[in-house]
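Novice: Sequence isn't available, so here's the structure alone:
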């Protein structure tokens, strides 16, 4: 029990090398504090967060398709600078939790612990996998790692399992695919053969606890249907939305089913190898974790690099195992990494260049770039976005509402104007086919300003509203700002 207590003690003892690593990671994150509003997902989170501070109810009064915790963090932050600061310290805490988990799993291999922690810290910090962006993945892995640190010893009380479940449930409330990581720990329970059903039950109760709290909250606000549909059910359609709508369920979702079969077969092989004592318990666990997290990262089949952050913890462990192991476990990562490599190639995953990101910051800091050039190096449209926001801020009142037809949530986030409808990006309107709903809201309560950045051949109601009731008062590149004419 003393050994277990020492494992699970959260006293923040930090060895010197880890202090140095955390300092380096913080320095690498300093440029993120000075980024402009350019990244769509961050801007949506901040726009939704700002709407929440104005009394709009999430999912019912303002919409996006993730669980609520990321928007609550954005609401607390209030602006991009503080959002990035919160992310920086959250990430430092996540690295510390990862180090604790590494010490528990591989307590006799200090070299492995160091290599794994360094690999994880770098992968989740640099722009390569969008570690510099405040996305759901970078927030969700912290609670999952914390949960696994509580469970990894295998000799834990039911109360500990429950609280580990609460931590995992918290991760799920940042982004749903975090739930898939729990498959690894459940199989680990089964492999232990001791009260695995009892352990799984208490883990499930813990996972359910924070989720049920959100369900009770939205039910009390008469918004339970909106919550379940937006945060969870819409995720199902999101999984295969890039493959169209043809065919029955099995035909349409055949790639998802095939990937699921790969997970089952690979997990079974790992289980049998572990049962024959060919690999250690920690190696078995991190291999399972890799398989399930890769499945989670590939759920939508979309090649966004931040999805791979879910795979980063187990990848870091397997990389360190490959480098330091002196047994057959050294070769264990190779077939698993081949799955990752095949996925990267097949789905054509994108990535962000590292050097230009830091060169841009240093150039701006040294006076080589003015602000417009610095902003434009993130996205060519960013300077225009700031011009639009500046115009709206200078010509609007606190009570004014805004509607943006386009995929520029940055305008809402910069101006902090109240969105005129619950949908703040055009692709949500199109994917959910909410043209009639949006047109009805705009006709009944016309906002003072409408900004159009996209053509609208599929939205004739908007064109009619603009022609009859609005005047174009400014044209900034591809953005047109329209002012409502009350007496027209």
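Specialist: Arrived safely. Quick caveat, the model's predicted, so the values are computed rather than measured.
Novice: Could you report the pLDDT at residue 5?
Specialist: Listed pLDDT for residue 5 reads 42.
Novice: Any chance of the backbone angles for the closest residue to residue 125 other than its chain neighbours?
Specialist: Leaving aside its sequence neighbours, residue 125 sits nearest to residue 131 (C-beta to C-beta, 6 or more residues apart in numbering; 4.7 Å). Just so you know, the C-beta spots here come from the backbone N, C-alpha and C atoms, and that holds for glycine as well. Main-chain dihedrals, residue 131, degrees, to the nearest 10: phi -70, psi -20.
Novice: Show me what counts as buried in stretch 422-438.
Specialist: 422, 423, 424, 425, 426, 428, 429, 432, 434, 435, 438 (16 or more other C-beta atoms under 10 Å).
Novice: Equivalent analysis for stretch 398-409, please.
Specialist: For stretch 398-409, by 16+ other C-beta under 10 Å, it's 400, 401, 402, 403, 404, 405, 406, 407, 408, 409.
Novice: Which residue ranges of the stretch 301-450 of the chain form helices?
Specialist: 312-324, 333-346, 355-365, 371-376, 382-395, 410-415, 426-432, 435-444 (DSSP state H, counting those that start in this stretch).
Novice: Redo the ones you listed as JSON lines? Include distance to residue 52.
Specialist: Converted to JSON lines, these look like this (distance: least, C-beta to C-beta, whole Å):
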{"stretch": "helix 312-324", "distance to residue 52": "29"}
{"stretch": "helix 333-346", "distance to residue 52": "36"}
{"stretch": "helix 355-365", "distance to residue 52": "30"}
{"stretch": "helix 371-376", "distance to residue 52": "27"}
{"stretch": "helix 382-395", "distance to residue 52": "20"}
{"stretch": "helix 410-415", "distance to residue 52": "13"}
{"stretch": "helix 426-432", "distance to residue 52": "17"}
{"stretch": "helix 435-444", "distance to residue 52": "19"}
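Novice: Please identify the most buried of these.
Specialist: Comparing the helices of the stretch 301-450 of the chain by mean neighbour count (mean count of other C-beta atoms under 10 Å), helix 410-415 ranks first with a mean of 25.
Novice: Packing partners of that one?
Specialist: Using 3 or more C-beta pairs under 8 Å, 6 or more residues apart in numbering; DSSP states H and E, the elements in contact with helix 410-415 are helix 40-53, helix 382-395, strand 401-405.
Novice: returning to that earlier point: and which of the buried residues of stretch 398-409 is nearest to residue 254?
Specialist: For the buried residues of stretch 398-409, the minimum distance to residue 254 (C-beta to C-beta) is 29.9 Å, reached by residue 407.
Novice: Leaving out sequence neighbours, find the closest residue to residue 111.
Specialist: Nearest non-adjacent residue to residue 111 (C-beta to C-beta, 6+ apart): residue 324, at 5.0 Å.
Novice: Identify the residues contacting the one you found.
Specialist: 109, 111, 112, 115 (C-beta atoms under 8 Å, 6 or more residues apart in numbering).
Novice: Tell me where the chain is predicted with low confidence.
Specialist: 1-12, 154, 235-253, 487-488 (pLDDT under 70).
Novice: cutoff 50 now
Specialist: Along the chain, segments meeting pLDDT under 50 span 1-8, 241-242.
Novice: Break it down into its structural domains.
Specialist: For the chain, automatic domain parsing gives the domain ranges 2-34+65-346, 380-484.
Novice: Quick one: closest of those to residue 365.
Specialist: domain 2-34+65-346 (8.3 Å).
Novice: From the chain's centre, how far out is the closest one? Work that out for me.
Specialist: How far domain 2-34+65-346 lies from its chain's middle: 11 Å, per C-alpha atoms, centre = their mean, to the nearest Å.
Novice: hmm, back to that, so the residue nearest to residue 125 makes contact with residue 120?
Specialist: No: between residue 131 and residue 120 there is no contact under C-beta atoms under 8 Å: 10.4 Å.
Novice: residues touching the nearest residue to residue 376 once chain neighbours are set aside, list them.
Specialist: Excluding the flanking residues, the one nearest residue 376 by C-beta to C-beta, 6+ apart is residue 383, at 5.3 Å. Residues in contact with residue 383 (C-beta under 8 Å, 6+ apart) are 372, 375, 376.
Novice: do the same with residue 130
Specialist: With the criterion set at C-beta under 8 Å, 6+ apart, residue 130 makes contact with 304, 305, 306, 309, 352.
Novice: separation between residue 285 and residue 314?
Specialist: 9 Å (C-beta to C-beta, to the nearest Å).
Novice: Pull out the buried positions in stretch 74-83.
Specialist: 74, 75, 77, 80, 83.
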